[in-house]
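Colleague: Quick check, what structure comes out for this input:
(2 chains)
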Amino acid sequence: MARHWKIAIAILAVFALAGGFTFPALLRNVLRLRRAGVTEEQARREITEQPISTPSDAPGKAQLFWASATSAGALEATEVNLPLSADPTLRAKQLIAALIARAPSSAQRTLPAEAELLQLYVLANGTAVADFSEALPTQVPSGILSEQLVVDSIAHTLGANIPAISRLKILIHGQEAETLAGHLDLSGFFPVGAPDAADAATPSAASGPQPVAGAPPSASGITPQPAPTSPR
Amino acid sequence: MVVDPAHGGSDAGARGAAGVLESDVVLNFARVLRLALEAQGVRVLLTREGNQDPSFDDRSMLINGLRGAIFISLHVASTGPVGTVRAYWYGGVTGDLPEAPATTGARAAAGRPAAATRAGLILWNRAQESHREASRRLADLTQIQLAQKFRGSPEVPEPAPVRQLRTIAGPAIAVEVSSVAVSDPGQLQQMARPLADSITRAVTDFAAAGVAPSRTN
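Modeller: Numbering: from 1, shown residues only, chains lettered A, B, ... in the order given. Alright, predicted model coming up:
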């Protein structure tokens, strides 16, 4: 057999061997994405985007708030293993990225899969300014209830994991928007705080991220906010 | 009293798979509510009579020029358990609301609300601020009625920063019905009458408690 044929066969054998090793993992990923009912955009993001990684990252458990699987219109705290930065700004980015990318199911999703956190700043007074892409207002279901769930899901997640953040301002593509999707006023600041244990929903039996134990949610499942303070 | 069928025109609001448009449903709700309120002697204005889309401020202007009027904004949600209804009053935000020129009228300096300027004028963008407590009471009364008529509805209202309510200088609430996801649009039509009865009863109770809406002579 000619030498060039031997080289070609050897190269093909190496590729076949590599394919044999990677194919099962690829197949598992495809099946997992299909089960989760993710959109094309989310699937693309999982493949192409690198997770936010910082030198101070340490594995930890974060409380993320998605829609309850058992109580419509309520939020449910779920404990998720995440690499978490010591820096509040980077940690907030990691948490919001996880809120978008790691929703347990499409029914429990609060932020649209297409939504993207463009930038986030944490100011010295404890204000987190989160700038989202246009997909947030255009893809979130229109309505007071659904828009409130979006804001509460972000505010509760930040409040439960970053004590340094006390309030949240949402921008859309760098601009102050009048409403989120036609109802919720984005001109002001949303209070951020760790929700009471009583507001964490009952643990579900869903696989994947482990829910946090707690009492059933309030009537609406939305944490009662303190009375608004007088404007300064 | 001003009843606000939300959305309209090119803004259809929430859309259901069965072809339900929020803007159409709330207009029907508003018409039925107007009849129920007028039967109790309450004068009612709608922020739109057809498929128009007045701005938030245009809708606010309709009530801010009246004395003693109350405002109810009607919505249909995209989500939530079908057949339930929630009332909201303006809340859930903290400090630093935007400022804007004063336009809504004079107030005595004594007891001037935080949203009032030194001249006693009320800041348009904070017009709701001094009416939050009254709005909360109206929402409480409304939610009590809704919980009785619509099984599964919460028993207490929630604060939510609904944009339309922020510029209303008077008691103001939003009422949201779930949802456009009904399989049969007739389900929402059947809710119109009990919804109107609930709100009318709440408005009557609210008036009896001391804040009466304008009545016809």
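
Colleague: for the longest helix seen in chain B, which positions count as buried?
Modeller: The longest helix of chain B (DSSP state H) is helix B:186-208. Using 16 or more other CB atoms under 10 Å in any protein chain shown as the burial criterion, the residues of helix B:186-208 that qualify are B:188, B:191-192, B:194-196, B:198-207. Quick note: C-beta positions are derived from backbone N, CA and C, even for glycine.

Colleague: domain parsing for chain A?
Modeller: Following the assignment in automatic domain parsing, chain A carries domains at A:3-36, A:48-211.

Colleague: which of these has the lowest average pLDDT?
Modeller: Out of those, domain A:3-36 stands lowest, with a mean of 80 (criterion: mean pLDDT).

Colleague: Is residue 148 within a helix or a strand, and which one?
Modeller: Looking at chain A here, since you left the chain open. Here A:Q148, judged by DSSP states H and E, is contained in helix A:144-161.

Colleague: hmm, I had chain B in mind actually
Modeller: helix B:132-149.

Colleague: that older thread, just checking, what packs against the helix holding A:Q148?
Modeller: strand A:58-67, strand A:75-84, helix A:88-101, strand A:167-172, strand A:190-191, strand B:85-89, strand B:172-177 (3 or more CB pairs under 8 Å, 6 or more residues apart in numbering or on different chains; DSSP states H and E).

Colleague: got TSV for those, with distance to A:G19 and mean neighbour count too?
Modeller: Formatted as TSV, these follow (distance: least, CB to CB, whole Å; neighbours: other CB atoms under 10 Å in any protein chain shown):
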stretch	distance to A:G19	mean neighbour count
strand A:58-67	31	19
strand A:75-84	30	21
helix A:88-101	27	21
strand A:167-172	44	21
strand A:190-191	49	21
strand B:85-89	54	29
strand B:172-177	54	28
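
Colleague: From B:A77, how far out is the residue nearest to the spatial centre of chain A?
Modeller: The centre of chain A sits closest to A:L99, judged by CA atoms, centre = their mean, with a distance of 1.0 Å. For A:L99, the distance to B:A77 (CB to CB, to the nearest Å) stands at 21 Å.

Colleague: Next, please give the residue ranges for the strands of chain B.
Modeller: For chain B, the strands defined by DSSP state E occupy B:2-5, B:45-46, B:71-76, B:85-89, B:102-106, B:121-123, B:158-159, B:172-177.

Colleague: Tell me the neighbouring strands of the third one, and mark each as parallel or antiparallel.
Modeller: Strand B:71-76 pairs in its sheet with strand B:2-5 (parallel), strand B:172-177 (parallel), by DSSP bridges.

Colleague: gap between the last one and the chain center?
Modeller: With CA atoms, centre = their mean, to the nearest Å as the basis, the distance from the averaged C-alpha position of strand B:172-177 to the chain average is 5 Å.

Colleague: Name the residues that touch that strand?
Modeller: Applying CB atoms under 8 Å, 6 or more residues apart in numbering or on different chains, the external contacts of strand B:172-177 come out as A:143-145, A:183, B:6, B:25, B:29, B:63, B:70-77, B:80, B:84-90, B:128, B:131, B:135, B:138-139, B:142, B:146, B:157, B:160, B:162, B:164-165, B:188, B:191, B:195, B:199.

Colleague: do that again at 6 Å, thanks
Modeller: Identification of contacts with strand B:172-177 by CB atoms under 6 Å, 6 or more residues apart in numbering or on different chains yields A:144, B:71-77, B:85-89, B:135, B:138-139, B:162, B:165.

Colleague: pLDDT (mean, whole number) over that strand?
Modeller: Here the average pLDDT along strand B:172-177 is 98.

Colleague: again with the shortest one
Modeller: The average pLDDT within strand B:2-5 is 98.

Colleague: Now stretch B:131-148: buried residues?
Modeller: B:131-132, B:134-147.

Colleague: Tell me which residues touch B:L195, please.
Modeller: B:F29.

Colleague: I'd like to know how far it sits from chain A.
Modeller: To chain A, B:L195 is 16 Å away according to CB to the nearest CB, to the nearest Å.

Colleague: Any figure for the gap between B:A77 and B:G9?
Modeller: 20 Å.

Colleague: more crowded one of the two?
Modeller: B:A77 (28 against 12; other CB atoms under 10 Å in any protein chain shown).

Colleague: circling back: chain center to the helix holding B:Q148: distance?
Modeller: 11 Å.

Colleague: How about it and chain A, any contact?
Modeller: No: figure legend: helix B:132-149 not in contact with chain A (CB under 6 Å from any CB of the partner chain); closest approach 7.7 Å.

Colleague: rewinding a little: how about the strands of chain B in a markdown table, adding distance to B:D58?
Modeller: Output for those, formatted as a markdown table (distance: least, CB to CB, whole Å):
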| stretch | distance to B:D58 |
| --- | --- |
| strand B:2-5 | 11 |
| strand B:45-46 | 12 |
| strand B:71-76 | 13 |
| strand B:85-89 | 21 |
| strand B:102-106 | 13 |
| strand B:121-123 | 18 |
| strand B:158-159 | 25 |
| strand B:172-177 | 15 |
